[in-house]
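In: Let's see this in three dimensions:
(one chain, ligands or ions: 1)
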Amino acid sequence: MQQTTVPPRPAATVILARDSDHGVEVFMMKRTTEVVFAKGMHVFPGGGLDSADYAQEMTALCAGIDDEHASSTLGVEQGGLAYWVAAIRECFEEAGLLIGYRDAIGQRPLDASDAPRLAMLRSHLAEKKQSFAELLLGAQLRAATDQLVYYSHWVTQPGRPRRYDTRFFVAPAPADQIAMHDNSETVAHLWVRPAQALELSQRGELNLMFPTIKTLESLTRFGNVKDLMAFARTKPPTSMMSPHLSTARDGSIRTLIQGDYAHAEIRKLDPSNQGIAKSDIDPGHPVNIAPQVWRITAANPGVMTGPGTNTYLIGSAQTGVAVIDPGPELTEHVNAIVQCAAGPIKWILCTHTHRDHSPAARQLQALTGAQLIGMPPPPYSNQDQDFVPALIPTHNQRLQIAGVTLRAIHTPGHASNHLCYLHESEKILFTGDHVMQGSTVVINPPDGDMSVYLDSLRMLMSEPIDYFAPGHGFLIGNPLEALERLLLHRQDRENKVVAALRLAGEPRSAEELVTDVYQDTPAQRHALAARSLLAHLHKLRNEARVSEHAGRWCLNDVQGHTERTR
Ligand SMILES: [Zn+2]
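Out: The predicted structure is shown next:
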């Protein structure tokens, strides 16, 4: 079903915050039931941008920020300042609070003595006797744009009749002004602690939209306005959160935002946002992730495998079917793969030979006679030694199979024989364990190698990829961001290793270091974490930054000599 999608209208919203004896309070208004959008909802002041908000003369009437700065902050080419203007204008229209200065140079805040003229100016604006720019100019006022800090970005999901592309700002509430709803669009107002607003919404006493709920949740952690503003100033929002509907395992509708594991996949599989794509991975249930590409997950969930190992099938009855990573040796899963195949299975490809990825190849080959493709296992006990490939692809070799081009990309690091396969026309990279969702992969020496792993991650940055299809988890969108995050995470871990060694001041074993370096990881996972930690130490040793004697490690000084124990 094709649905027309309306483009979202630019909008601005301001969260006014003030300190109270019980913590931060924010200003909310109840919208009338007479409006079309957000009927009877409690919202922050705000609304759509007017063409007048973009007017050239506004620049001179805004204090402390110009269009160039505003636009770069929002990541738009130009016209960014109009969002600040709209937020301030809407707040004045709806709440009677003018975030402004009472002089033309923008230094003296408005105070209680300004109340009568503000009330008059507000009525002029409501009666459209004056534009906002004319009003500021005539009264020698300035919009206090320097008080508003960009906080978050929400876009109404596709498929809705009215869509907004809304920039949220936070600002300290004007100290000496009294708020008053306009009795037309808004019929009530209140100052409320974010946690209290969420409670009232739970009890059905406030109606809140999804972005409002998420915003209130994010505000609960601030004890005072100063902290909130400091946070907003140092952490500019970069991501656009677009809520998307999906169907959970129990059949209920679930709203997902960026950052939720299934978000990118749901957006790809259900672009008109009907809520039909699944937000859970269920073993044995095939998911059609692209034309003639299916994913079916084995029933081997766990700490290392997430929801289970993903097997991918590509092809049709005409082309024959290629299977990527048949998974662990579970007869039920092998049968499910055969059932799911749209045609005869002719190729079985493995990304690597860890025991949750390749062992089912034997059974599946016995059933189908398919050709085995991959790199042979290195000689370690945690490798599937029964995997004997008939075709060993070279790096960047293009395989013309199952009606598509799959390019093999050698990505050692997690395993020395690790291959990713790029579906060139769909721009989907089957990543095996090179990139997985939800956790970082274990780099287990000697076959696992941290330096090589990081190089293999960087190598993917120049590849034309739209999605990662990992060995564990949902499709991952924005591959470049995912790679950057993984690289940063490893750099962060390495820094912690160096810091722990410096603090110890004497040689330490990997097992001793793990409690310092993996404080954020549950203790039951420390044995595994110690393996990745060892991989970090090996990398640092290759770089001559640490030395090892009898399993104990210490930092070298800058010349590469061992630091003396003090
Ligand atoms: Zn693996």
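In: Now the element after the helix or strand harbouring V321, going C-ward?
Out: According to DSSP states H and E, V321 maps onto strand 320-324. Remark: after strand 320-324, the chain's next helix or strand is helix 331-340, criterion DSSP H and E.
In: From the contact counts, what lies against the helix or strand following that following helix?
Out: Next helix or strand after helix 331-340 toward the C-terminus (DSSP H and E): strand 345-349. On a contact count with 3 or more CB pairs under 8 Å, 6 or more residues apart in numbering; DSSP states H and E, strand 345-349 meets strand 320-324, helix 360-368, strand 371-373, strand 398-401. All C-beta spots, glycine's among them, are computed from the backbone N, C-alpha and C.
In: how about stretch 294-309, does it reach the ion?
Out: No - Stretch 294-309 lies out of reach of the ion by CB under 5 Å from the ion, never closer than 8.0 Å.
In: Any idea how many residues pack against V546?
Out: 22 (other CB atoms under 10 Å).
In: on that earlier part again, can you redo the helices and strands packed on strand 345-349 as CSV with mean pLDDT, distance to the ion and mean neighbour count?
Out: What follows is those, written out as CSV (pLDDT from 0 to 100; distance: least, CB to the ion, whole Å; neighbours: other CB atoms under 10 Å):
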stretch, mean pLDDT, distance to the ion, mean neighbour count
strand 320-324, 98, 14, 27
helix 360-368, 97, 14, 20
strand 371-373, 98, 17, 20
strand 398-401, 98, 21, 14
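In: So which residues on the stretch 351-500 of the chain come close to the ion?
Out: Residues of the stretch 351-500 of the chain lying near the ion (CB under 5 Å from the ion): H354, D433.
In: Show the residue spans covered by the helices in the stretch 351-500 of the chain.
Out: Assigned helices in the stretch 351-500 of the chain, in chain order: 360-368, 450-460, 479-504 (criterion: DSSP state H, counting those that start in this stretch).
In: Least reliable of those helices by average pLDDT, please.
Out: For the helices of the stretch 351-500 of the chain, the weakest mean pLDDT is recorded on helix 479-504, namely a mean of 92.
In: Beyond that one, next helix or strand please.
Out: Following helix 479-504 in sequence, per DSSP H and E, is helix 510-517.
In: ok, and for that following helix, which residues are buried?
Out: A510, L513, V514, D516, V517 (16 or more other CB atoms under 10 Å).
In: Give me the neighbour count for the closest residue to the ion within the stretch 101-250 of the chain.
Out: Distance from the ion to each residue of the stretch 101-250 of the chain (CB to the ion) is smallest for R249, at 26.2 Å. Residues lying near R249 (other CB under 10 Å) number 12.
In: Just give me the neighbour total for the nearest residue to it once chain neighbours are set aside.
Out: Closest residue to R249 apart from its sequence neighbours, by CB to CB, 6 or more residues apart in numbering: D280 at 4.0 Å. With neighbours defined by other CB under 10 Å, the count for D280 comes to 15.
In: Same question for the one 4 residues further on.
Out: Burial of G284 is recorded as 16 neighbouring residues (other CB under 10 Å).
In: for A264, phi and psi?
Out: phi -60, psi -40 (degrees, to the nearest 10).
In: got any ranges where the stretch 51-200 of the chain has weak pLDDT?
Out: 159 (pLDDT under 70).
In: show me where it has strands.
Out: Along the stretch 51-200 of the chain, counting by DSSP state E, counting those that start in this stretch, strands occupy 100-101, 142-143, 149-155, 164-172, 186-192.
In: Please identify the most buried of those.
Out: With neighbours taken as mean count of other CB atoms under 10 Å, the strands of the stretch 51-200 of the chain reach their highest mean count in strand 142-143, at a mean of 26.
In: C-terminal to the lengthiest strand in the chain, what's the next element?
Out: The longest strand of the chain (DSSP state E) is strand 9-20. As assigned by DSSP H and E, the chain's next helix or strand after strand 9-20 is strand 23-31.
In: for that next one, packing partners?
Out: strand 9-20, strand 42-43, helix 81-95, strand 186-192, helix 194-202, helix 210-219.
In: What lies in contact with that strand?
Out: 15-19, 38-45, 94-95, 97, 173, 179, 181, 185-194, 197, 206, 216, 219, 222-225, 228 (CB atoms under 8 Å, 6 or more residues apart in numbering).
In: circling back: quick check: mean pLDDT of the longest strand of the chain?
Out: 96.
In: and that strand, which residues are buried?
Out: P10, A11, A12, T13, V14, I15, L16, A17.
In: V442 versus L391, what's the distance?
Out: In this view, L391 and V442 are 28 Å apart by CB to CB, to the nearest Å.
In: swap in L219?
Out: 37 Å.
In: Mind checking which of those two has more residues around it?
Out: Ranked by neighbour count (other CB under 10 Å), L219 and V442 place L219 first, with 22 against 16.
In: If you tally nearby residues, what's the number for the closest residue to the more buried one other than its chain neighbours?
Out: Distances taken as CB to CB, 6+ apart place P194 nearest to L219, at 4.0 Å, with adjacent residues excluded. Residues lying near P194 (other CB under 10 Å) number 23.
In: now what about stretch 162-169, what contacts it?
Out: For stretch 162-169, using CB under 8 Å, 6+ apart, the contacting residues are 5-15, 36-37, 44, 46, 48, 74, 83-84, 87, 148-157, 211, 215.
In: and with 7 Å instead?
Out: 6, 8-15, 36-37, 48, 74, 83, 87, 148-156, 215 (CB atoms under 7 Å, 6 or more residues apart in numbering).
In: cool, stretch 223-241 as well?
Out: 17-19, 23-24, 73, 149-155, 170, 172, 219, 222, 257-258.
In: 8 Å - rerun?
Out: So stretch 223-241 is in contact with 17-19, 23-24, 73, 75, 149-155, 170, 172, 211, 214, 219, 222, 257-259, going by CB under 8 Å, 6+ apart.
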